[in-house]
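Asks: show me the folded form of this:
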Amino acid sequence: MDFELPIIAPSILAADFSKLGEQIEECNAAGVRWIHCDIMDGHFVPNISYGPSIVEDANHCTDAFLDVHLMIENPDQYIEAFVDAGADQITVHQEACPHLHRTIQNIHQYGITAGVAINPGTSLQSITPVLNELDLVLVMSVNPGFGGQSFIPATLQRLQDLRNMRKEKGAGFLIEVDGGVKPDNITNITHSGADVLVAGSAVFKAQNIAERIKRLNEKAQKGKETVV
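Replies: Numbering: from 1, shown residues only. As a prediction, the model looks like this:
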């Protein structure tokens, strides 16, 4: 992937679905390069969100990179459906994939990029064997399943540790953060090593979406310039 970093990835989970196309258009006008789609199944996480049809609708509203995050059990069963819906990248959870390497191969066979997400209680070392196979690692900064949660501060140290692991391995994956990203903490998050910032409520609950994206970008860039 060749993107100028950092990247703000608005999560449509927090959008007003009665105005989804209109709100994605506001993101387009603000220059977003990624749109994030959070898929929940009511099994791996308590909530149910939406499926491939909404991802397809989103794809029709934007040329942005569609970043699909599967918080579901048995993700291999649904990869093809999300690829057909327009996913440019699919991220699965380490905790939901007993055959993680095979699942990553399954995603790559469709010619798209693959990510792995890890929950706050999961060791970074659990994904060490597959780091060189990945295009992205998503560090959950809240427990998955609900929007609007507060950022877990210990995530900052995990980001620094993951950045060191990437350097030691000579790997090229991007580091993404999902959960509780807001204007008042985004500088510290990119300062700690995050490349991609998923922002749901911080974008779609703002009175002016374009102004909020601009502010998040400015603050994220400030942190990226002083990475620890």
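
Asks: from the rest of the structure, what touches whichever strand or helix holds residue 167?
Replies: Residue 167 belongs to helix 155-169 when assigned by DSSP states H and E. Residues lying outside helix 155-169 but in contact with it, judged by C-beta atoms under 8 Å, 6 or more residues apart in numbering, are 120, 124, 128, 131-132, 137, 139, 141, 171-173, 175, 177, 188-189, 192-194, 227-228. In this view, the C-beta of every residue, glycine as well, is placed from N, C-alpha and C.

Asks: buried ones among the residues you listed?
Replies: Buried residues within those, counting neighbours by 16 or more other C-beta atoms under 10 Å: 124, 131, 137, 139, 141, 173, 175, 177, 188-189, 192-194.

Asks: ok, of these, which one's closest to residue 215?
Replies: Taking C-beta to C-beta as the measure, residue 215 lies nearest residue 189 of the buried ones among the contacts of helix 155-169, at 14.3 Å.

Asks: quickly find the element holding the closest one.
Replies: With the criterion set as DSSP H and E, the secondary-structure element containing residue 189 is helix 186-191.

Asks: give the partner strands of the following helix or strand past that helix in its sheet and their orientations.
Replies: Counting by DSSP H and E, the next helix or strand C-terminal to helix 186-191 is strand 196-199. Applying DSSP bridges, strand 196-199 is found paired with strand 7-10 (parallel), strand 174-178 (parallel).

Asks: all helices of this structure, in order?
Replies: In the chain, helices defined by DSSP state H lie at 20-29, 52-61, 79-85, 100-108, 155-169, 186-191, 201-204, 209-224, listed in chain order.

Asks: residue 1 is nearest to which of these?
Replies: Within the helices of the chain, the stretch nearest residue 1 is helix 100-108; the backing value is 13.1 Å (C-beta to C-beta).

Asks: circling back: now the strands paired with strand 196-199 in CSV, with distance to residue 147?
Replies: Compiled in CSV, these are given as follows (distance: least, C-beta to C-beta, whole Å):
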stretch, distance to residue 147
strand 7-10, 12
strand 174-178, 10
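
Asks: relative to residue 40, which of those strands is closest?
Replies: Of all these, it is strand 174-178 that lies closest to residue 40, at 12.5 Å by C-beta to C-beta.

Asks: how near is residue 30 to residue 14?
Replies: Here the distance between residue 30 and residue 14 works out to 15 Å (C-beta to C-beta, to the nearest Å).

Asks: follow-up on the earlier one: export the strands paired with strand 196-199 to TSV and tack on distance to residue 213 and mean pLDDT?
Replies: What follows is those, written out as TSV (distance: least, C-beta to C-beta, whole Å; pLDDT from 0 to 100):
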stretch	distance to residue 213	mean pLDDT
strand 7-10	6	98
strand 174-178	16	98
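
Asks: pLDDT below threshold where in this structure?
Replies: Low-confidence regions of the chain, defined by pLDDT under 70, span residues 228.

Asks: isn't residue 3 right next to residue 33, touching?
Replies: Yes - the pair formed by residue 3 and residue 33 meets the contact definition of C-beta atoms under 8 Å, at 6.2 Å.

Asks: look at the two and report which has more neighbours.
Replies: When neighbours are counted by other C-beta atoms under 10 Å, residue 33 comes out ahead of the other of residue 3 and residue 33, with 15 against 12.

Asks: distance of residue 223 from residue 188?
Replies: Counting by C-beta to C-beta, the gap from residue 223 to residue 188 is 6 Å.
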